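# Next come a sequence and a model predicted from it.
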Amino acid sequence: MVWRETVIMDERLRFVGECLAGEETMTALCAAYGISRKTGYKWLERYRALGPAGLIDLPRAPLEHGRATAAELVARIVAEKEANPQWGPKKVLAR
């Protein structure tokens, strides 16, 4: 048996095209493509918002660290350290 090779973007574009044609229900299309309805609606909404570029996989990692120090505070600390290079972290923190 030969495995059928597919390109994920082509499959997603074909799915969205069939969905927009309105000939099948979302449930039937998702079953035919082997995806959940949640995923089907996700691809459809991304396509409507961004066009074909919306069908590209997005990174799952957050864009910024949740516990990162605020940029304003970092700038103040760096400025204080540059103004007083002999100071250590305790003195900079005390200021």
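Ah, there it is.
# Is residue 41 part of a helix or strand, or is it coil?
Following DSSP: H, G, I helix; E, B strand; the rest coil, residue 41 is assigned to helix.
# which residue packs closest to it, ignoring adjacent ones?
residue 26 (7.0 Å; Cβ to Cβ, 6 or more residues apart in numbering). Using the backbone N, CA and C atoms, a C-beta is placed for each residue, glycine as well.
# Let me know whether that neighbour touches residue 43 as I believe.
No. Counting by Cβ atoms under 8 Å, residue 43 is not a contact partner of residue 26; they are 10.7 Å apart.
# Those two: which has the busier surroundings?
residue 43 (20 against 12; other Cβ atoms under 10 Å).
# Could you chop the protein up by domain?
8-55, 68-95 (automatic domain parsing).
# Ends of the first one, what's the gap?
Just to be clear, that refers to domain 8-55. By Cα to Cα, to the nearest Å, the extent of domain 8-55 from end to end equals 9 Å.
# taking the mean pLDDT, what do you get for it?
Domain 8-55 carries an average pLDDT of 93.
# rewinding a little: could you check how far the residue nearest to residue 41 is from residue 54?
For residue 26, the distance to residue 54 equals 17 Å [Cβ to Cβ, to the nearest Å].
# hmm, back to that, adding distance to residue 62 as columns, could you present the domains of the chain in JSON lines?
As requested, the domains of the chain are arranged in JSON lines below (distance: least, Cβ to Cβ, whole Å):
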{"stretch": "domain 8-55", "distance to residue 62": "18"}
{"stretch": "domain 68-95", "distance to residue 62": "10"}
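# So which of the ones you listed is the most surrounded?
domain 8-55 (a mean of 14; mean count of other Cβ atoms under 10 Å).
# helix, strand or coil for the residue sitting furthest away from the middle of the chain?
Largest separation from the mean C-alpha position in the chain: residue 86, at 43.3 Å (Cα atoms, centre = their mean). At residue 86 the chain is in coil, as set by three-state DSSP.
# tell me the secondary structure for the residue most central in space within the chain?
The residue lying closest to the centre of the chain (Cα atoms, centre = their mean) is residue 58, at 3.8 Å. Of the three states, residue 58 takes coil under three-state DSSP.
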